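1. sequence plus the predicted model coming up.
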Amino acid sequence: MEQKIKINRIKAVLAEKDMSHKELATRVGIAPNSVTRICNNEFQPTLKLLREMALALDVDIRELLIPTKESK
């Protein structure tokens, strides 16, 4: 079985912002179960949707992704 690679950290940002999956779904116009699947890294949002999520969460879009390199 293929191991799921964690690409986004939307679930963590939702917790930091004290926002529910349902509220984010309403703000960006998608189904709540889609937000859940994205949060669980079952599938990834398009760049357009990722941008809409960042705006809805009032964060920089980069905060929604897991970095590929560590900061120096």
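-> Thanks, I have the structure now.
2. against Pro32, how distant is Arg62?
-> Counting by Cβ to Cβ, to the nearest Å, the gap from Arg62 to Pro32 is 25 Å. Backbone N, C-alpha and C define where each C-beta goes, glycine included.
3. residues contacting the nearest residue to Lys4 once chain neighbours are set aside?
-> Ranked by Cβ to Cβ, 6 or more residues apart in numbering and with sequence neighbours excluded, the top spatial neighbour of Lys4 is Asn41, at 5.4 Å. Residues near Asn41 by Cβ atoms under 8 Å, 6 or more residues apart in numbering: Lys4, Ile5, Lys6, Ile7, Asn8.
4. helices of this protein, residue ranges please.
-> 10-16, 21-28, 32-39, 47-57 (DSSP state H).
5. to Thr68, which of those lies closest?
-> helix 47-57 (15.4 Å; Cβ to Cβ).
6. not counting that closest one itself, show me its contacts.
-> For helix 47-57, using Cβ under 8 Å, 6+ apart, the contacting residues are 8, 10, 13-14, 17, 19, 24, 27-30, 45, 60-61, 63-65.
7. same check, this time on stretch 9-23
-> 24, 32, 35-36, 38-40, 53, 57-59, 63-66.
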